[in-house]
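Chemist: Need coordinates for the below:
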Amino acid sequence: MQGWHPCTPLASPDRQHPIGPVNPWKMALASRAFCRLRCLHILIEHHFSSQMCLCTMQGKEKGTGMATQKNTIEIVRATIDDLELIVPLFDGYRQFYKQASDLEGARSFLKAHFEQDTSVIFLAFSTDEAGQRQASGFTQLYPSFSSTSLKRLWILNDLFVAPGARRTGTGTALLEHARQFALATGAKGLSLATAVDNYTAQSVYEAAGWVRDREFYAYHLFF
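Modeler: Numbering: from 1, shown residues only. The predicted structure is shown next:
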């Protein structure tokens, strides 16, 4: 996953993950002291689509331990009404992985997923102390299944945080929300893939409790 993109999808190996260029995690996740996260899950309905996560993130200036900014991060399940907010983030994610900008292509791709209900997207909004609120990141999950456990499995295919929102805990909040969603849907868990040399992304996932697969090899057949 770009901007914050450290993963590559298992289900669709042609796409990787940005964690909004992974750099934000270099300080944010590798060092838990970097930020303080307080998550309040508000379940308005029994359907997870109505759940949101409100987190207060306080950054600290490198080397000083002094608080430098305080942002409120809101995570919501996106609907087709949020399409135009997600398009530029998704386009930025693709560019992080060396793809040419294609806003119309991104719009059509995401619109189809919303209309066909073939993925789940969580959108992050950041509000700073001045009251400025804007879409700051997203993660997209694709449904899969585990035959051995007879349960649903989610592929965390995309994760991206906008450049201006990095090092604020947005990526961490999105990962945690994806985890909570998987639990709420009774899934076996989540899977993702990342480049073998993407050490920043690896440290981010491992800090969040993800475990590297040391038992199976992954094979692809591209066309």
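Chemist: use CA for all of it now, contacts and neighbours both
Modeler: Will do.
Chemist: now the strands for the protein?
Modeler: 2-3, 19-20, 37-43, 51-60, 67-77, 120-127, 133-146, 151-161, 189-191 (DSSP state E).
Chemist: What pairs with the longest one, parallel or antiparallel?
Modeler: Paired strands of strand 133-146, with direction, are strand 120-127 (antiparallel), strand 151-161 (antiparallel) (DSSP bridges).
Chemist: which of those sits most buried?
Modeler: By mean neighbour count, with neighbours taken as mean count of other Cα atoms under 10 Å, strand 151-161 ranks first of these at a mean of 27.
Chemist: what about Gln116, neighbour count?
Modeler: As a burial measure, Gln116 scores 9 neighbours (other Cα atoms under 10 Å).
Chemist: now do Val204
Modeler: The burial count for Val204: 25, using other Cα under 10 Å.
Chemist: before we move on, back to that, comparing the strands of the chain by mean pLDDT, which bottoms out?
Modeler: Set side by side, the strands of the chain differ in mean pLDDT, and strand 37-43 is lowest with a mean of 32.
Chemist: Any chance of the strands paired with strand 133-146 in CSV with distance to Asp82 as columns?
Modeler: Converted to CSV, these look like this (distance: least, Cα to Cα, whole Å):
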stretch, distance to Asp82
strand 120-127, 9
strand 151-161, 16
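Chemist: Please identify which of the ones you listed is closest to His220.
Modeler: Of all the strands paired with strand 133-146, strand 151-161 sits nearest to His220, with 15.7 Å by Cα to Cα.
Chemist: Send me the closest one as CSV with only the CA atoms.
Modeler: In CSV, the C-alpha atoms belonging to strand 151-161 read as follows (Å, rounded to 0.1, in the frame of the first residue of the first chain):
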residue,chain,number,x,y,z
LYS,A,151,-14.7,-18.9,7.4
ARG,A,152,-14.5,-15.6,5.6
LEU,A,153,-11.1,-14.0,5.0
TRP,A,154,-10.4,-10.4,4.2
ILE,A,155,-7.6,-9.3,1.9
LEU,A,156,-6.3,-5.9,3.0
ASN,A,157,-5.4,-4.9,-0.5
ASP,A,158,-4.9,-1.1,-0.4
LEU,A,159,-3.8,1.2,2.3
PHE,A,160,-2.9,4.8,1.7
VAL,A,161,-2.4,8.0,3.7
